[in-house]
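Peer 1: sharing a model that was predicted from the sequence below.
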Amino acid sequence: MPSEVRELRDAWASRIADVPHLTEELEKDFRFGQRISKTERGYLMGGTIKGGSSSMWYPSTKEEYGAYLRWRRIEGILEERDDDALIELQEILDASDVRLNTRGHQGRGNGANGSRENAPPPNPRFGFIYRVARDVLRCLPPSHLDRPQLARLQLGGWGPDSAKASAFSNDAVLMYDFAIRGAKRTFIGLFLHELGHAHEHAMSRGTRAELFRLYRVLADADAFLGVEFLIDASTRRLYQKFVFNEFLAETYLIYTACGAELRAFIESLERPVRRAWEQVYTIFRATFDHLEYA
Ligand SMILES: [Zn+2]
């Protein structure tokens, strides 16, 4: 996996020392998709985290605005062109018959079903995303793209309240505005997580049943690995503990982005939990056509 993906295994380093006027509180807000705008009414901080319909804005300052711009230059996704990356991503997707839809371009998006015939050209300013998506997809087994459970990749748009950042629905990986305009790290984590949902949907009934049996051993022992993006690592561990599907999706992300960490984590456990994790790993490796990650 590319280095920016493998960075997910490390703690999310604070930028307070590099960015004047950045505080712990502000950094947390920026990581969670809040932004600061300069308006006729002065500087305002807020965001549309609950979806396009409800946003809250608070007065901010010129110093905080400066901190936001600097933070965004380091950690945020900036709009830029990368036509080569787009062409290469499109080739990868076309080869597996996965449609690409982008929103926020020419005022409106594709039709609801994203039909290729009426689709406008992809937004040319999602350069970073095209590059990362291309690099990630190249590292996955081709079988993960070829299956019917992954039919569409949507970039942009607004999700329902229940899934405002990203979602997997109707064989589509949906990366909403929140995910494609926030921190790079958040996009990468969410993208692999949603690909993980396509993966768990594609699993056979027998594989799922066996994983569920093992998952209960892990849940009883609270033996999950947490990776920090969007929210902190302990909250991401909790998600896994209480929802089996989320465990599977997050394990896909961890298997691909943090291979060595996952193996070391398993190694550090005591039996019988270690044995259960070893079996989970073996099953995942088989579903990755025996591909393992550094
Ligand atoms: Zn999920």
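Peer 2: Received it, and whenever you're ready, just let me know what you need.

Peer 1: return the list of strands paired to the lowest-mean-pLDDT helix or strand in the chain, each annotated with direction.
Peer 2: Across the helices and strands of the chain, mean confidence by mean pLDDT, DSSP states H and E is lowest for strand 56-59: a mean of 86. Strand 56-59 has the following strand partners under DSSP bridges: strand 42-47 (antiparallel).

Peer 1: now the strand it pairs with: average pLDDT?
Peer 2: Averaging pLDDT along strand 42-47 gives 89.

Peer 1: which SS class is the residue in the stretch 151-294 of the chain that the ion sits nearest to?
Peer 2: Scanning the stretch 151-294 of the chain for proximity to the ion using CB to the ion identifies Ala249 as nearest, at 4.5 Å. For every residue, glycine as well, the C-beta is placed using N, CA and C. For Ala249, the secondary structure call by DSSP: H, G, I helix; E, B strand; the rest coil comes out as helix.

Peer 1: wait, it sits on Met203?
Peer 2: No. With contact taken as CB atoms under 8 Å, Ala249 and Met203 are classed as non-touching, separated by 11.4 Å.

Peer 1: now the common contact residues for those two.
Peer 2: Taking CB atoms under 8 Å, 6 or more residues apart in numbering as the criterion, Ala249 and Met203 do not both touch any residue.

Peer 1: who's more crowded, those two?
Peer 2: Neighbour count, other CB atoms under 10 Å: between Ala249 and Met203, Ala249 has more, with 24 against 16.

Peer 1: dump the residue contacts of the spatially most central residue of the chain.
Peer 2: For the chain, the residue nearest the mean C-alpha position is Leu190 (1.3 Å; CA atoms, centre = their mean). Counting by CB under 8 Å, 6+ apart, Leu190 touches Ala165, Ser166, Met175, Ala179, Phe229, Leu230.

Peer 1: wait, which of the residues you listed is closest to Asp82?
Peer 2: Met175 (16.6 Å; CB to CB).

Peer 1: let me see the contact set for that closest one.
Peer 2: Per CB under 8 Å, 6+ apart, neighbours of Met175: Ile129, Leu153, Gln154, Leu155, Gly156, Ser166, Phe187, Leu190, Phe191, Glu194.

Peer 1: burial measure for the one residue in the stretch 1-150 of the chain that gets nearest to the ion, as a count.
Peer 2: Residue nearest to the ion within the stretch 1-150 of the chain (CB to the ion): Gln149, separated by 14.3 Å. Per other CB under 10 Å, the neighbour tally for Gln149 reads 15.

Peer 1: how many other residues sit next to Pro124?
Peer 2: 15.

Peer 1: ugh, wrong one, Leu78
Peer 2: Neighbour tally, Leu78, other CB under 10 Å: 11.

Peer 1: hang on, isn't it packed against Arg72?
Peer 2: Yes. Using CB under 8 Å, Leu78 is in contact with Arg72, at 6.9 Å.

Peer 1: hmm, Asn170 and Gln149 touching each other?
Peer 2: No. Gln149 lies out of contact with Asn170 (CB under 8 Å); the separation is 10.0 Å.

Peer 1: after the lengthiest helix in the chain, next one along is what?
Peer 2: The single longest helix within the chain, with elements called by DSSP state H, is helix 184-202. Once helix 184-202 ends, the next helix or strand along the chain (criterion: DSSP states H and E) is helix 205-221.

Peer 1: report the angle between the very next helix or strand once past that following helix and helix 205-221.
Peer 2: Counting by DSSP H and E, the next helix or strand C-terminal to helix 205-221 is helix 233-242. Going by axes from the mean of the first three to the mean of the last three CA atoms, to 10 degrees, helix 233-242 is angled at 120 degrees with respect to helix 205-221.

Peer 1: and the angle for helix 233-242 with helix 184-202?
Peer 2: Using the same axes, to 10 degrees: helix 233-242 against helix 184-202 is 10 degrees.

Peer 1: helix 233-242 - contacts with which helices or strands?
Peer 2: On a contact count with 3 or more CB pairs under 8 Å, 6 or more residues apart in numbering; DSSP states H and E, helix 233-242 meets helix 244-257.

Peer 1: just the angle for the helix it packs on relative to helix 205-221, thanks.
Peer 2: 90 degrees.

Peer 1: just the CA trace of helix 244-257, in CSV.
Peer 2: Listed next in CSV are the C-alpha coordinates belonging to helix 244-257 (Å, rounded to 0.1, in the frame of the first residue of the first chain):
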residue,chain,number,x,y,z
PHE,A,244,-20.2,-7.6,13.5
ASN,A,245,-20.4,-6.0,10.0
GLU,A,246,-18.3,-3.1,11.3
PHE,A,247,-15.7,-5.5,12.6
LEU,A,248,-15.5,-7.1,9.2
ALA,A,249,-15.2,-3.8,7.4
GLU,A,250,-12.7,-2.4,9.8
THR,A,251,-10.6,-5.6,9.6
TYR,A,252,-10.5,-5.2,5.9
LEU,A,253,-9.0,-1.7,6.4
ILE,A,254,-6.6,-2.9,9.1
TYR,A,255,-5.5,-6.0,7.0
THR,A,256,-4.6,-3.8,4.1
ALA,A,257,-3.3,-0.7,5.7
